[in-house]
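1. model the structure of this input:
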Amino acid sequence: MSVRSPRRLLIAGAAGFIGSNFVRLLRTTRPDVEITVLDKLTYAGNLANLAEFEGQPGYRFVQGDICDEKVVRSLAKEVDGIVNFAAETHVDRSLMDPFNFIETDVRGTAVLCEAAREFRHEVFLLVSTDEVYGEVMEGRSKEDDPFRPRSPYSASKAGGEHIAHAYAASFGLPLLVTRGSNTYGPYQYPEKLIPVLLTNAIDDLRLPLYGEGRAVRDYVYVEDHCRAIDLVLHEAPLSGGAYNIGTGRESSGRQVADAVLDILGKPHSLIEYVVDRPGHDYRYAVDVTRVTQLGWEPVVDFRDGLLKTADWYREHEEWWRPLKSGEYWEYYKKNYKPKI
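-> Residues are numbered from 1 along each chain as shown. Here you go, the predicted model:
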């Protein structure tokens, strides 16, 4: 097993949910690593997620777009590795604005790959998603299974992966890819299912579920996800391989909503079924044998993780309340339409 120790990392998109938690992990477990964060600060990017690191030695933040070749080159020449979390990530928003996803997730990934190639980086890790496999109604997706994306979001992530793998094959880019299942925990923008349910329930608002709430997902706690990314970054063979990350346990939307309401002591009558998402994938499930063979396993089960997440949102209303205003509610009303 190869072991790497990149000392200077460019972490793109780290003002977002998983990226900021990854920075938090590195600052705790690998304090000698110098971190440069590059983030565009879109609606889902939030400097408050990284406020605790501001002014610390070995950390700096740069606001910028991964599609900006000049900015990326100027930062890439000063580091020896890139981890890319930067992406447009929400399926619902991709149905409203597909081209924005293509620009960031495909072209932006290509810009980062080119910079890593030019400056001969030690490692390039692309954070992808299990959604590239498309709907999996039976069995579990393995890393070598074909891609069958069914939304603009998953298609754009698949496109970014294809670009990265092409750079690995054509130019020897030292590529690693992680494909995470649905992730939850602190600092998640309140548009994904769990923070929507939690924050709505705290305010006694309706909890929207698509269709009949039957779609199932594998929910992995963000700290577990970040530990897996860190392990792959430092110890996985540099062969352009991909690593699925998940828990092997699936929960339906209705089961998640029921658990949220039980934790918060709210009535289940708050659940509201809304018009289903177009092209809805009803099941994702991944085989995680490859990453467990590296020595990783999830340590936070879903119930405990949901309790920890609920406590965090109850204790940090100053973080999420300002986010649920203006544009957020315009999007919300367009996206969640009550059944007639």
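2. all helices of the stretch 1-150 of the chain, in order?
-> Assigned by DSSP state H, counting those that start in this stretch, the helices in the stretch 1-150 of the chain fall at 17-29, 69-76, 91-96, 98-102, 109-118.
3. I'd like to know which of those is closest to residue 281.
-> helix 91-96 (8.3 Å; CB to CB). Backbone N, C-alpha and C define where each C-beta goes, glycine included.
4. which parts of that closest one are buried?
-> Judged by neighbour count (16 or more other CB atoms under 10 Å), helix 91-96 contains these buried residues: 91-95.
5. state the distance from residue 83 to residue 257.
-> Distance of residue 83 to residue 257, given as CB to CB, to the nearest Å: 33 Å.
6. looking at those two, which has the bigger crowd around it?
-> residue 83 (29 against 25; other CB atoms under 10 Å).
7. contact partners for the more buried one?
-> 9-12, 22, 125, 127, 229, 233 (CB atoms under 8 Å, 6 or more residues apart in numbering).
8. generate a PyMOL selection restricted to the buried subset of the residues you listed.
-> One line in PyMOL is enough to select the buried ones among these; burial here means 16+ other CB under 10 Å:
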select buried, resi 9+10+11+12+22+125+127+229+233
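9. could you say which helix or strand holds the closest residue to residue 131 other than its chain neighbours?
-> Nearest non-adjacent residue to residue 131, counting by CB to CB, 6 or more residues apart in numbering: residue 154, 3.9 Å away. Element membership of residue 154 [criterion: DSSP states H and E] is helix 152-171.
10. inside strands: which ones of the contacts of residue 83?
-> Among the contacts of residue 83, the members found in strands (DSSP state E) are 9-12, 125, 127.
11. what is the nearest of those to residue 221?
-> Proximity of the ones in strands among the contacts of residue 83 to residue 221 (CB to CB) peaks at residue 127, which lies at 16.0 Å.
12. any idea what that closest one is bridged to?
-> residue 178 (DSSP bridges).
13. quick revisit: weakest of the helices of the stretch 1-150 of the chain by average pLDDT?
-> Least confident of the helices of the stretch 1-150 of the chain, judged by mean pLDDT, is helix 91-96 with a mean of 88.
14. can you tell me which helices and strands that one packs against?
-> Under the contact criterion of 3 or more CB pairs under 8 Å, 6 or more residues apart in numbering; DSSP states H and E, helix 91-96 touches helix 152-171, helix 327-335.
15. returning to that earlier point: switch the helices of the stretch 1-150 of the chain over to TSV; also include distance to residue 37.
-> TSV is the format used below for the helices of the stretch 1-150 of the chain (distance: least, CB to CB, whole Å):
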stretch	distance to residue 37
helix 17-29	7
helix 69-76	10
helix 91-96	23
helix 98-102	21
helix 109-118	14
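16. can you tell me which of those comes nearest to residue 237?
-> It's helix 109-118; of the helices of the stretch 1-150 of the chain, that one is closest to residue 237 (CB to CB) at 17.6 Å.
17. list the buried residues of that closest one.
-> So for helix 109-118, counting by 16+ other CB under 10 Å, buried means 109-117.
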